[in-house]
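Asker: Any chance you could fold what I've pasted below:
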Amino acid sequence: MKRYKSRYKPFSIKRSEKRVRQRLFLSIIIIAVFGFALISWILPTFIGGLSVLNQFKTTTKITETIEDTTIAPPVLNIPYEATNSAAISIKGYAQSSYFVEIYLDDELKSTTKAREDGSFISDPIELNIGSNFISGKAVNLEDKKSLSSKPIKVVFDNEKPTLEINSPSDNQETKEKKFTVSGLAETQDEIDVRVNNFRVIVQADGKYSYTLELSEGENIITVTATDGAGNSSQLTRRLVYQP
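Answerer: Okay, here's the model as predicted:
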């Protein structure tokens, strides 16, 4: 007797299979739509965005000012190596009607235009305490720049030099016609020490001395010390000469 395999399926199984087929069909449709959108819209838009970005970068590079070795850099005129001024204006010469850019430590600080005779003066530039390297570039009417001029070092120092008077003490009396004023001063290459406007030599250890001829009665002793940046210290003493 032959046995026949039943093809009967419960209703719940048929319903589950139907849902699976529907979900599969829906997934296929969604994948097809997404693939169409990806090919037709998303990828072209993405590629177009990259093209615009590249064009922007290219444009930016093109519009940057080009350095031209045939353009002469400006000549900067800074007649000192140190200053006690917090801000200075830079003078110099460049090609007539060219613009001049002034840089401090490679950072653009001021732009000015050369006069008909080529002279120029920048707006005041604030300095940093210590060493500052100042340079310039000339820019022609086609917006082409020269190479940078040779940087000039300027030291900004606003501290007064140290100064002491060891002898005489204030209101000191003496019976000597000649008196040696002595003390200590800051040791710098460009330090200028004067006793009653007479310049004296400062030794390596900072000591100085100068012999004055006194007038009878009261004598005012003034000692000044001035450094290379123009900072100055001053001390006074009263010395009485009684023969």
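Asker: This protein: helices as residue ranges?
Answerer: Taking DSSP state H as the criterion, the chain carries its helices at 11-37, 43-63.
Asker: mean pLDDT lowest for which of these?
Answerer: Comparing mean pLDDT across the helices of the chain, the lowest value falls on helix 43-63: a mean of 51.
Asker: Pull out the buried residues from stretch 135-152.
Answerer: If you call a residue buried by 16 or more other CB atoms under 10 Å, then stretch 135-152 has these buried ones: 135, 136, 137, 138, 139, 140, 145, 146, 148, 149, 151. The way it works is simple: take the backbone N, C-alpha and C, and place the C-beta from them, glycine included.
Asker: wait, what's in contact with the fourth one?
Answerer: Okay, so that is residue 138. Shown in contact with residue 138 (CB atoms under 8 Å, 6 or more residues apart in numbering): 71-74, 94-95, 98-101, 114, 145-146.
Asker: What's the ChimeraX line that selects buried ones from those?
Answerer: To isolate the buried members of those in ChimeraX, using 16+ other CB under 10 Å:
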select :71,73,74,94,95,98,99,100,101,114,145,146
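Asker: Tell me the one of the contacts of residue 138 nearest residue 243?
Answerer: Distance to residue 243 across the contacts of residue 138 (CB to CB) is lowest for residue 74, with 64.9 Å.
Asker: how near is the closest residue to residue 190 other than its chain neighbours to residue 164?
Answerer: Excluding the flanking residues, the one nearest residue 190 by CB to CB, 6 or more residues apart in numbering is residue 228, at 3.3 Å. Residue 228 is 20 Å from residue 164, where distance means CB to CB, to the nearest Å.
Asker: on that earlier part again, tally of neighbours for the residue nearest to residue 190?
Answerer: Look at residue 228: counted by other CB atoms under 10 Å, it has 18 neighbours.
Asker: coming back round to it: how about a markdown table for the contacts of residue 138, with distance to residue 129 and pLDDT added?
Answerer: A markdown table is the format used below for the contacts of residue 138 (distance: CB to CB, whole Å; pLDDT from 0 to 100):
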| residue | distance to residue 129 | pLDDT |
| --- | --- | --- |
| 71 | 34 | 93 |
| 72 | 33 | 94 |
| 73 | 28 | 96 |
| 74 | 26 | 97 |
| 94 | 29 | 96 |
| 95 | 34 | 94 |
| 98 | 32 | 96 |
| 99 | 30 | 96 |
| 100 | 26 | 97 |
| 101 | 24 | 97 |
| 114 | 31 | 96 |
| 145 | 30 | 95 |
| 146 | 30 | 95 |
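Asker: which one of the contacts of residue 138 sits closest to residue 177?
Answerer: The shortest approach to residue 177 among the contacts of residue 138 belongs to residue 74, at 59.2 Å (CB to CB).
Asker: got the contact list for the closest one?
Answerer: By CB under 8 Å, 6+ apart, residue 74 lies in contact with 92, 93, 94, 98, 100, 114, 120, 136, 137, 138, 146, 149.
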